[in-house]
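> coords please:
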Amino acid sequence: MKDGTTVTLREAETGSVVASAVRVACSPWSRLRGLLGHTLESGEGLLISPCNGVHTFFMRYPIDVVFLDGEGGVLLIREAMPANRMVPWVRGAHRVLELPAGTAATTGIGRGHKLEVIEATATPVQGRTS
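The predicted structure follows:
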């Protein structure tokens, strides 16, 4: 995955979409910045990789924070984590998914579920010849 790309995350067993517009943050700067200066709408999210701890300092709204292992397994969910809080380190976490508050409950994801990353594919332009 490239920094700044948009991906979809879905629950592996059911195929239900958790978020369809998830921005990837994998460079040092984008991981540090996180959601600062951004708002999350329904269906949006931020996938931070690598990451095993987060904070909500300077945030203006609560978020759901989902800690994932290297295979996409859900290790821990902090629902509606308010501003100025911190989860310093989650054992085994490799990535963190930040979602609008209430998304975890609405989509039914929980500890032990597995989330899959679906990367966008290029759509061929019709009528072009090489």
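> hey, let's count contacts and neighbours off CA atoms from now on
Fine.
> Regarding Val74, what is its secondary structure?
Three-state call for Val74 (DSSP: H, G, I helix; E, B strand; the rest coil): strand.
> For Ala120, grab the count of nearby residues.
Ala120: 10 surrounding residues under other CA atoms under 10 Å.
> swap in Val117?
Counted with other CA under 10 Å, Val117 comes out at 17.
> leaving aside the residues next to it on the chain, what's closest to it?
Leu9 (4.8 Å; CA to CA, 6 or more residues apart in numbering).
> Surely the one you found is in a helix?
No. Counting by three-state DSSP, Leu9 is not part of a helix but strand.
> partners of it in the sheet?
Here Leu9 shows beta-bridge partners Ala19, Val117, assigned using DSSP bridges.
> Hmm, Gly15 and it touching each other?
No. With contact defined as CA atoms under 8 Å, Leu9 does not count as touching Gly15 (9.3 Å).
> who's more crowded, the two?
The neighbour comparison of Leu9 against Gly15 (other CA under 10 Å) goes to Leu9, with 24 against 11.
> quick one: the more buried one from Glu41, how far?
Remark: distance between Leu9 and Glu41 (CA to CA, to the nearest Å) = 15 Å.
> And Ala93, by the same measure?
25 Å.
> Those two - which one has more neighbours?
Higher neighbour count among Ala93 and Glu41: Ala93, with 23 against 11, using other CA under 10 Å.
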